[in-house]
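**Student:** Turn this into a structure:
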Amino acid sequence: MLYYVEEEANVFKEGRFRMPTLEERLEVLERAQSAMKIEQIYDVRQLDERITALHRQLAEQRQRLDEQGQAISQLGQTIDVKLDGLMQVLVQRFAAVGARFDVMDQRFAAVDTRFDAIDARFTQIDQKFVAVDARFTGLEEQIDRQTVEIRAKFETSDLYATRTWGVVQSQEQNIHTIKERLDQVVNLLTGKPEG
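**Tutor:** This is a model prediction of the structure:
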């Protein structure tokens, strides 16, 4: 088709215009058709190559998806196995913890029993303290009565003691005076000066 257009352009430039023949037109059409067929074949080949490439990509993606599916399946199985193992370990540990709590409960029950026994002893000790307190109260009352009696006795004997003390002091002064006089007499008799 390009050839015909160029030839026509040359014809118009040179000033010679002629009408193409039917054969020439047919030849131009055949050329154009064959060029279009070549382009169409080229487009079909490119399309076929692209479709083939897309089929390959789809196959690769399917294969990757299958591999990922298998990996996910294996991962799921691994996780299931690990979770089962973890559950067994947790059950065992919780059972052990439960057993420890049972032992601690028993120990606390024993401690509670001991505290009850101690409380009973403290109650007994409190009762004994009440009895001892009553005895001390009785002793205090008895001591108070005896103190009153002893004071009464001392007050009467204190009077005698005070009188006796006064007599003793006056006699002591008399003894000192007598001693001084004797010393003077002895000094006079011995001829010693008074000092």
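**Student:** Check the model's average confidence along the biggest helix by length in the chain for me.
**Tutor:** Longest among the helix segments of the chain by residue count, using DSSP state H, is helix 22-190. Per-residue pLDDT values across helix 22-190 average out to 85.
**Student:** how far out from the middle of the chain is it?
**Tutor:** In terms of Cα atoms, centre = their mean, to the nearest Å, the gap separating the centre of helix 22-190 from the centre of its chain is 10 Å.
**Student:** And stretch 178-194, by the same measure?
**Tutor:** 104 Å.
**Student:** For residue 20, which three-state class applies?
**Tutor:** Of the three states, residue 20 takes coil under DSSP: H, G, I helix; E, B strand; the rest coil.
**Student:** give me the number of residues near it?
**Tutor:** When counting by other Cβ atoms under 10 Å, one arrives at 14 neighbours for residue 20. C-beta: built from backbone N, CA, C; applies to glycine.
**Student:** next one: residue 148
**Tutor:** 10.
**Student:** and if you look at residue 90?
**Tutor:** 10.
**Student:** how close does it sit to residue 97?
**Tutor:** 10 Å (Cβ to Cβ, to the nearest Å).
**Student:** quick one: the residue positioned nearest the centre of the chain from residue 106, how far?
**Tutor:** Centrality entry for the chain: nearest residue to the mean C-alpha point is residue 97, 18.8 Å, by Cα atoms, centre = their mean. For residue 97, the distance to residue 106 equals 15 Å [Cβ to Cβ].
**Student:** returning to that earlier point: does anything pack onto the longest helix of the chain? Which helices or strands?
**Tutor:** With contacts taken as 3 or more Cβ pairs under 8 Å, 6 or more residues apart in numbering; DSSP states H and E, helix 22-190 sits against helix 2-14.
**Student:** Spit out the contact partners of residue 139.
**Tutor:** Listed by Cβ atoms under 8 Å, 6 or more residues apart in numbering, residue 139 has no contact partners.
**Student:** Next, give phi and psi for residue 19.
**Tutor:** Main-chain torsions, residue 19, degrees, to the nearest 10: phi -90, psi 130.
**Student:** confidence score at it?
**Tutor:** For residue 19, the model assigns a pLDDT of 83.
**Student:** Tell me the spacing between it and residue 28.
**Tutor:** 13 Å.
**Student:** and what of residue 62?
**Tutor:** In terms of Cβ to Cβ, residue 62 sits 50 Å off from residue 28.
**Student:** quick one: which of residue 19 and residue 28 has more around it?
**Tutor:** residue 28 (17 against 6).
**Student:** Could you tell me how many residues sit around residue 72?
**Tutor:** Going by other Cβ under 10 Å, the residues that sit close to residue 72 add up to 11.
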